[in-house]
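[1] Next come a sequence and a model predicted from it.
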Amino acid sequence: MKHFPVFLAVEGRRIVVSGGGEAAVAKLRLLMKTDARIAVFADAPAPEIETLARSGKITLVRRAFAPGDTAGAVLFYAANEDAAEDARVAALAEAGGALVNIVDNLEDSRFITPAIVDRDPVTVAIGTEGAAPVLARAIKAELEERLPPVLGVLARFGKAFRKRAEALPFGGRRRAFWADYYFRAGPAAVETGGEAAVRPALDALLTRHLARQPRAGRVDLVGAGPGDPELLTLKARKALDAADVVIHDRLVAPEILELARREAILLEAGKEGFGPHTPQETINAAMIGHARKGLHVVRLKSGDPGVFGRLDEEIGALEAAGVAWRVIPGLTAASAAVAAIGQSLTRRGRNSSVRILTGHDVRGFAEHDWRQLARRGEVAAVYMGKKSARFVQGRLMMHGADPATPVTVVENASRPEQQTVATTLAGLPAAVAGMSGPAIIFLGLAPRHAGATAQPDAPQETPEQTALIR
Ligand code: SAH
């Protein structure tokens, strides 16, 4: 982010515009929405500017901008549509301490004006850092359609009511009250009785919510999927949207955490392969502690919570503490990884079972039924397998596996950095050597179009290898 969005306090403060043409008029249209004191410096102001000046909405100074004219201004717009003049006035304004924007000159501007959706006091600002004004306009158009005009009215009444709503305890109950107001009681009141009906509706709603029994805290054990936020389930999204506390594994993608309710407390429970990690007891205690305070806890795990997620231990701890829980399943990494290579985990006539195994467990490298796994046609998805690649390779070969058995590694499945390496059992350790992201290793599976997704330096498959799995 090269530009950080903020909402600037401008009530009663001075904003200065230099220029009297179209560019100045366009900026003034936006600025007139504010409660700022606006001054325009222009030799030859356009008729719209004259009209604004006559009605007393702006102060018009009929001359070019000069040293000292920015006194006390918070913002300054150079809108002369003349690069040399804009540079001259911008330098003066900056020396005077104002934040400067030069119209159509991103490079020399200290701030940029976003596209705005105005439901005062609700304001949506959209910026693309100048990269795609078309996109900003499209987003604005969509939001204009989505946000009802009455939203502004509701927010104004809501704001005035905030103190009274504090009669409800912070957290879920207060939130439920506001959600009820903005999405149900508020719009209904405006529709039936206009603005006059809003305040009485708020009073009635508060009385009702105060009379409600407080809800007990609970824990949702939620699968966040492999990384792509679009692969979250709707249930997971809803849970994130309502959470008071989100306790997440390190593997959960930041784009997904973005979807958590803004006021939610985010706690990272560092758990990743061999790396440093938060002890399970600490995680259990955090879940239980917050739930006992009546909060809605989302325990967010990558992929599916039921696959190498220590789900049972967490459920056990919650049950022992008498805390209500439910599991929201997610898409496991192997599903995303197999989709990435255009294959399926099982296939009629090829493999009627698939193994999900881990490269290491609590005791170190994990042991499996290697003899079975070494057989032709077996398919397995190895989780947490990068560090144990050489061990797995060694065990399989020792039990008679063909070194030419196809192996496919999918790193960062479903994420923008996704990488696929098609190799063989012989090439496995080399294939994972430089990988830093989470990876699924498929034993006995080649990409549907072998070679197409292979990395340039990965060993290419031979026809017999491909035949082996078809
Ligand atoms: N519960 C998770 C697995 C947790 S164990 C699930 O169902 O997916 C962590 C391992 O999952 C990682 O070591 C890696 O093997 C795998 N993994 C998680 N996300 C992945 C991704 N986006 N791409 C490839 N592998 C991933």
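    Received, thanks.
[2] In contact with Thr358, which residues?
    Phe308, Ala366, Val382, Tyr383, Met384, Gly385 (CB atoms under 8 Å, 6 or more residues apart in numbering). For every residue, glycine as well, the C-beta is placed using N, CA and C.
[3] List phi and psi for it.
    The phi/psi pair for Thr358 (degrees, to the nearest 10) reads phi -110, psi 150.
[4] what are the bridge partners for it, then?
    Tyr383 (DSSP bridges).
[5] in this protein, what secondary structure element scores lowest on mean pLDDT?
    The helix or strand of the chain with the lowest confidence, counting by mean pLDDT, DSSP states H and E, is helix 463-469 at a mean of 37.
[6] Count the neighbours of the nearest residue to Leu425 once chain neighbours are set aside for me.
    Distance criterion CB to CB, 6 or more residues apart in numbering; nearest residue to Leu425, sequence neighbours excluded, is Thr405 at 4.4 Å. Using other CB atoms under 10 Å, Thr405 has 26 neighbouring residues.
[7] Next one: Thr405 relative to Ala242, how far apart?
    Distance check for Thr405 against Ala242: by CB to CB, to the nearest Å, it reads 47 Å.
[8] which residues touch the closest residue to Ile102 other than its chain neighbours?
    In space, and not counting its chain neighbours, Ile102 is closest to Ala78: 4.4 Å by CB to CB, 6+ apart. Applying CB under 8 Å, 6+ apart, we find Ala78 in contact with 18-19, 85-87, 89-90, 93, 100-103, 105.
[9] Farthest pair within the residues you listed?
    Glu85 and Asn101 (14.8 Å; CB to CB).
[10] quick one, which of these two is more surrounded?
    Asn101 (23 against 15).
[11] Please name the bridge partners of the residue nearest to Ile102.
    Ser18, Ile102.
[12] In contact with the closest residue to the ligand within the stretch 1-150 of the chain, which residues?
    The stretch 1-150 of the chain approaches the ligand most closely through Met1 (24.6 Å), counting by CB to the nearest ligand atom. With contact set as CB under 8 Å, 6+ apart, Met1 has these partners: Glu129.
[13] Equivalent analysis for Val219, please.
    Per CB under 8 Å, 6+ apart, neighbours of Val219: Met287, Ala291, Val297, Val298, Arg299, Leu318, Val323, Ala324, Trp325.
[14] Now it: which helix or strand?
    strand 218-223 (DSSP states H and E).
[15] Given that strand, what are its sheet partners and their directions?
    Here, using DSSP bridges, strand 218-223 pairs with strand 296-301 (parallel), strand 324-328 (parallel).
[16] ranking these by burial, who's on top?
    strand 296-301 (a mean of 28; mean count of other CB atoms under 10 Å).
[17] neighbouring contacts of that strand?
    Contacts of strand 296-301 (CB under 8 Å, 6+ apart): 172, 217-224, 239-240, 242-249, 252, 256-257, 260, 264, 283, 287, 290-291, 305, 309, 311, 314, 330.
[18] Tell me the first helix or strand C-terminal of that strand.
    Next element after strand 296-301 (DSSP H and E): helix 311-321.
[19] what comes up buried for that following helix?
    Leu311, Glu314, Ile315, Ala317, Leu318, Ala321 (16 or more other CB atoms under 10 Å).
[20] can the strand holding Val219 be found next to the ligand?
    No: contact of strand 218-223 with the ligand (CB under 6 Å from any ligand atom) is absent, the minimum separation being 6.8 Å.
[21] Buried residues of that strand, list them for me.
    For strand 218-223, by 16+ other CB under 10 Å, it's Arg218, Val219, Asp220, Leu221, Val222, Gly223.
[22] Now the next helix or strand along the chain from that strand: average pLDDT?
    Sequence-wise, the next helix or strand beyond strand 218-223 is helix 234-242, with elements assigned using DSSP H and E. Mean per-residue pLDDT for helix 234-242: 95.
[23] elements contacting helix 234-242?
    strand 218-223, strand 296-301, strand 324-328 (3 or more CB pairs under 8 Å, 6 or more residues apart in numbering; DSSP states H and E).
[24] What are the buried residues along that helix?
    Ala236, Arg237, Ala239, Leu240, Ala242.
[25] Looking at these, spot the one nearest the ligand.
    Nearest to the ligand among the buried residues of helix 234-242, with distances taken as CB to the nearest ligand atom, is Ala236, at 12.9 Å.
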